[in-house]
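Participant: Provide a 3D model corresponding to the input given below.
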Amino acid sequence: MKISKQFPLNALKVFEAAARQLSFTRAGAELGLTQTAVSYQIKLLEETLGEQLFLRRPRQVTLTDAGARLAPKISEAFDLMDEALAGTRDHSEATLIIHTTATFASRWLAHHLGTFQLENPGIAVRLETAQETVDFSRTEADVAIRSGNGRWPGLKAHFLMKSDFTPMLSPALAATIGGVHQPADLLKLRIIDPGDFWWPLWFATAGLPDVDLKGRPLSRFGAQTFEAAAAIAGQGVAILKPEFYADDVVLGRLIQPFDLRASDGSDYWFCYPETRRHSRKIRAFRDFMRKTMPTFRD
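Facilitator: I've put the predicted structure just below:
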């Protein structure tokens, strides 16, 4: 039998339960329906089929020959659908797709995802990196780590960390001008991506609101992690989030000449669709982020 609009799925589900229980009352209790609602759905199906499926007797119903032939096939059909849905759900829960920026992926996730997978061996991880804000309706991503204000309709967002920034450069480059002692010294050096709006924000915070970087050679690397690599190579001064480059400072590859930081009001957030908050893999990763990142806030 082909299930189509002619055969309402709800009525078939009610029939399957009633045939198995041989009771409209017990079928209703199983499905959360009244006996009257069960009787209505059975009648609707009988009218659609043009066949009587049950013999109604006082306090008892029995299957007709047509009902007895139909019942096992409908039961089998629902078992197949349950199996297919369970298989799809299990497959979906087996892979966590994380959408984030290249910088966060390389500077934080790459250092911690191995631990997550050791703790959750049944969940594989796939990273998607892009600068654009994720649109969950247009991607297979399960979760995203993004910068912003944390207010996105339909999404649950958890605060991860401040997204403040400060200039950083290689010690060798700083030595070429006898060291960087005050913010104005940075203007003696090449600025990596002078068109980045973080620069005027930082200089204004440093008391130099009139700094003009126009006319300097443009260098757009597309992601903070690439700008940091250029700074490590001595190609100029980059404006970076220092928490991501603490190892490079310890190794002597970068210095942070000033404690002063600025912010554009955007912070890092862990987010996912509100409708998927009960997903097992999303809960597992959320719990891992909460445990691993001290600044995580619900």
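Participant: look at the closest residue to D196 other than its chain neighbours and give its secondary structure.
Facilitator: Leaving aside its chain neighbours, D196 sits nearest to I239 (6.2 Å; criterion: CB to CB, 6 or more residues apart in numbering). C-beta here means a position set from N, CA and C on the backbone, and glycine is covered the same way. At I239 the chain is in strand, as set by DSSP: H, G, I helix; E, B strand; the rest coil.
Participant: specify the beta-bridge partners of I239.
Facilitator: P167 (DSSP bridges).
Participant: what sits against it?
Facilitator: For I239, the contacting residues are 165-168, 192-193, 196, 198-199, 202, 227, by CB atoms under 8 Å, 6 or more residues apart in numbering.
Participant: could you do R20 as well?
Facilitator: By CB under 8 Å, 6+ apart, R20 lies in contact with 27, 71, 75.
Participant: let's see it at 10 Å
Facilitator: For R20, the contacting residues are 26-27, 30, 71-72, 74-75, by CB atoms under 10 Å, 6 or more residues apart in numbering.
Participant: same question, D259
Facilitator: D259 makes contact with 166, 242, according to CB under 10 Å, 6+ apart.
Participant: could you pull out the helices in the stretch 1-150 of the chain for me?
Facilitator: Counting by DSSP state H, counting those that start in this stretch, the stretch 1-150 of the chain has helices at residues 9-21, 24-31, 35-49, 65-93, 102-104, 110-119.
Participant: quick one: the residue nearest to D196 from A231, how far?
Facilitator: Separation of I239 from A231 (CB to CB, to the nearest Å): 9 Å.
Participant: before we move on, what about D135?
Facilitator: D135 sits 32 Å away from A231, going by CB to CB.
Participant: which neighbours do I239 and A231 share?
Facilitator: Counting by CB under 10 Å, 6+ apart, the residues touching both I239 and A231 are 167-168, 192.
Participant: which single one of these is nearest to R297?
Facilitator: The shortest approach to R297 among the shared contacts of I239 and A231 belongs to M168, at 26.7 Å (CB to CB).
Participant: on the pLDDT front, check that closest one for me.
Facilitator: M168 is assigned 98 on the pLDDT scale.
Participant: checking A157 next. Helix, strand or coil?
Facilitator: For A157, the assignment made with three-state DSSP gives strand.
Participant: that one reaches G148, doesn't it?
Facilitator: Yes: between A157 and G148 a contact is recorded at 8.3 Å, counting by CB atoms under 10 Å.
Participant: between these two, which one's more packed in?
Facilitator: With neighbours defined as other CB atoms under 10 Å, A157 and G148 compare such that A157 has more, 19 against 15.
Participant: contacting residues around the more buried one?
Facilitator: 144, 146, 148-151, 267, 269-272, 274, 298.
Participant: returning to what we had before: quick one: the contacts of R20 as JSON lines, columns for distance to V61 and pLDDT too.
Facilitator: Formatted as JSON lines, the contacts of R20 follow (distance: CB to CB, whole Å; pLDDT from 0 to 100):
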{"residue": "R26", "distance to V61": "10", "pLDDT": "90"}
{"residue": "A27", "distance to V61": "9", "pLDDT": "90"}
{"residue": "E30", "distance to V61": "15", "pLDDT": "88"}
{"residue": "A71", "distance to V61": "12", "pLDDT": "89"}
{"residue": "P72", "distance to V61": "17", "pLDDT": "89"}
{"residue": "I74", "distance to V61": "16", "pLDDT": "87"}
{"residue": "S75", "distance to V61": "17", "pLDDT": "83"}
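Participant: got those as JSON lines, with distance to L109 and neighbour count columns?
Facilitator: What follows is those, written out as JSON lines (distance: CB to CB, whole Å; neighbours: other CB atoms under 10 Å):
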{"residue": "R26", "distance to L109": "52", "neighbour count": "15"}
{"residue": "A27", "distance to L109": "50", "neighbour count": "26"}
{"residue": "E30", "distance to L109": "46", "neighbour count": "15"}
{"residue": "A71", "distance to L109": "52", "neighbour count": "18"}
{"residue": "P72", "distance to L109": "51", "neighbour count": "12"}
{"residue": "I74", "distance to L109": "48", "neighbour count": "20"}
{"residue": "S75", "distance to L109": "47", "neighbour count": "15"}
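Participant: closest to R286 out of those?
Facilitator: Proximity to R286 was ranked across the contacts of R20 by CB to CB; first place goes to E30, at 34.0 Å.
Participant: give me the nearest residue to that closest one, chain neighbours excluded.
Facilitator: E30 sits nearest to A17 (CB to CB, 6+ apart), 5.3 Å away.
Participant: what's the local residue count around that neighbour?
Facilitator: Residues near A17, counting by other CB under 10 Å, number 22.
Participant: OK, contacts around it?
Facilitator: Counted by CB under 10 Å, 6+ apart, A17 has contacts 23-24, 26-31, 33, 38, 41, 75, 78.
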